[in-house]
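[1] just need the structure, nothing else, for what follows:
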Amino acid sequence: MHHPILLTKTTSSRRTSASTWPNDNKATGACFHGLLASLRPATLILARRIAVALLLLSAGMVIVQPCAGQSGNWTETGSLATGRWFHTATLLADGKVLVAGGGTSLASGELYDPASGTWTATSSLATGRSGHTASLLPDGEVLVAGGFNDFIGSLSSAELYDPASGTWRETGSLAAARTYHTATLLPNGKVLVAGGFNSFGGTTLTSAELYDPASGTWSVTGSMVTARNSHTVTLLLNGLVLVVGGYGDLGVLASAELYDPASGTWSLTGALPMAIFHHTATLLSNGAVLVTGGSSTFIVANVEIYNPNKGTWSSTENLTIPRSNHTATLIRNGKVLVANGTDMFGNILASAELGVRVRQ
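    Residues are numbered from 1 along each chain as shown. As a prediction, the model looks like this:
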């Protein structure tokens, strides 16, 4: 049985950011969520227009450095050349962070050097996009797939970034154009892309595809039971892939599914107590999955733990405040850092919390 997550508020600056940590259990190439709390897919284009006025992040960045037994402290670091949202940030093998796309269909990319705390421009994507995914491949390259372009709509194109040359090149295209999907690097080196929203016809997808880095091609795999976008995905220690919540054609979802790479099929697992999207899912060191916050009919503070051995959820102590579009990162000392997002009044949050799992 899982014990409560004890959450304590930490000090933060008044700027918001998401943090990328080496050697954590968060999926590589995690996406920096945009700061819009409860937007239906049909309003995504309008949301991008409104977001310009809401973008308080601009190009500013802060870094939090946790120490064992201490609260995290936020300090400013170098600013990006371009303010952006719905972009991706990927930790590269050399320790630098690649930020790509976002905003109003940006194609630009930038590299953050933790040693100097500075950003430098790198080459641009062939196609500007936001709401895409980015995955670090075993060979060190970065796969960017799908997303949304203001002039084209949802994208099926995919590109590869080579850190050695700092250049992008196009690779095989997805079978279905999709935005706000998920991408998971599987143990066999392939990338699983699942769900998302297709602006052509305004449909949410059940389909899933596999990218093979060896051939640079995509192949269709089994479809999810339920169409969803803005969901979370977690690679479990047993090799299965857990998809949770999201937004479907009929509204917010509480359902969860498991993908088995061996059979290429999906099956339902225990549902969340509450339907949510724009939440987070973090793999804990014991193999359980911690889901925090998100949007339902309102923004919530709920925290749930998924037990992969039983396929069930258990509720634990709530966040100190409701938040959506935040981040949750398992840091080196075993604590989970929950940071930023938006609250139930639409305010952009600068606060952060640390959750500690009590030993059994």
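
[2] tell me how many other residues surround the nearest residue to Gly341 once chain neighbours are set aside.
    Spatial nearest neighbour of Gly341, excluding adjacent residues (Cβ to Cβ, 6 or more residues apart in numbering): His326 at 3.0 Å. C-beta: built from backbone N, CA, C; applies to glycine. Neighbour count of His326, defined by other Cβ atoms under 10 Å: 27.

[3] measure His326 to Ala281 for me?
    Distance, His326 to Ala281, using Cβ to Cβ, to the nearest Å: 12 Å.

[4] list the contacts for Gly264?
    Residues in contact with Gly264, defined by Cβ atoms under 8 Å, 6 or more residues apart in numbering, are 221-222.

[5] could you do Val338 as well?
    7, 280, 292-293, 319, 323, 326-328, 352-355.

[6] that one belongs to a strand, doesn't it?
    Yes - assignment of Val338 by DSSP: H, G, I helix; E, B strand; the rest coil places it within a strand.

[7] from Ala352, how far off is it?
    In terms of Cβ to Cβ, Val338 sits 7 Å off from Ala352.

[8] next: Glu159.
    Glu159 is 33 Å from Ala352, by Cβ to Cβ.

[9] can you pick out the residue with more neighbours from those two?
    Ala352 (26 against 21).

[10] that one pairs with what?
    Thr10, Ala339 (DSSP bridges).

[11] close enough to count as contact, it and Val336?
    No - using Cβ atoms under 8 Å, Ala352 is not in contact with Val336, being 10.8 Å away.

[12] how long is stretch 132-144 end to end?
    Length of stretch 132-144, first residue to last, Cα to Cα, to the nearest Å: 7 Å.

[13] leaving out chain neighbours, which residue sits closest to Gly172?
    In space, Gly172 is closest to Thr217, 4.3 Å off (Cβ to Cβ, 6+ apart).

[14] is the one you found bridged to anything, and to what?
    In this entry, Thr217 is beta-bridged to Asp212, by DSSP bridges.

[15] what pLDDT does it get?
    We have a pLDDT of 98 for Thr217.

[16] number of nearby residues for it?
    By the measure other Cβ under 10 Å, the count of residues near Thr217 is 13.

[17] quick one: it from Tyr211, how far?
    For Thr217 relative to Tyr211 (Cβ to Cβ), the value is 8 Å.

[18] which neighbours do these two share?
    Common neighbours of Thr217 and Tyr211 (Cβ under 8 Å, 6+ apart) are Gly172.

[19] mind listing the helices for the protein?
    44-54 (DSSP state H).

[20] pLDDT-wise, which helix or strand of the protein ranks last?
    For the chain, counting by mean pLDDT, DSSP states H and E, helix 44-54 ranks last in confidence among helices and strands (a mean of 30).

[21] in this structure, where is pLDDT below threshold?
    1-73, 356-360 (pLDDT under 70).

[22] go again using 50 as the cut-off
    Scanning the chain with the threshold set as pLDDT under 50 gives 1-58, 61-71, 358-360.

[23] pretty sure His87 contacts Thr104?
    No - judged on Cβ under 8 Å, His87 makes no contact with Thr104 at a distance of 11.3 Å.

[24] which residues in the stretch 251-360 of the chain form strands?
    For the stretch 251-360 of the chain, strands defined by DSSP state E, counting those that start in this stretch occupy the ranges 251-252, 256-260, 265-269, 280-283, 289-292, 303-307, 312-316, 327-330, 336-339, 352-357.

[25] go through those and name the closest to Ala183.
    For Ala183, the closest of the strands of the stretch 251-360 of the chain is strand 256-260, at 12.4 Å, according to Cβ to Cβ.

[26] tell me which residues of that closest one are tucked away?
    256-259 (16 or more other Cβ atoms under 10 Å).

[27] out of those residues, who's nearest Gly189?
    So of the buried residues of strand 256-260, ranked by how close each gets to Gly189 (Cβ to Cβ), first place is Tyr259, at 15.9 Å.

[28] list the contacts of the closest one.
    Tyr259 neighbours (Cβ under 8 Å, 6+ apart): 192, 194, 208, 222, 224, 240-241, 243, 265-266.

[29] ok, 10 Å please
    184, 186, 192, 194, 208, 221-222, 224, 233, 235-236, 239-243, 265-267 (Cβ atoms under 10 Å, 6 or more residues apart in numbering).

[30] next one: Asp249
    41, 197, 202-205, 226-229.

[31] again, only this time at 6 Å
    Asp249 makes contact with 204, 227, according to Cβ atoms under 6 Å, 6 or more residues apart in numbering.
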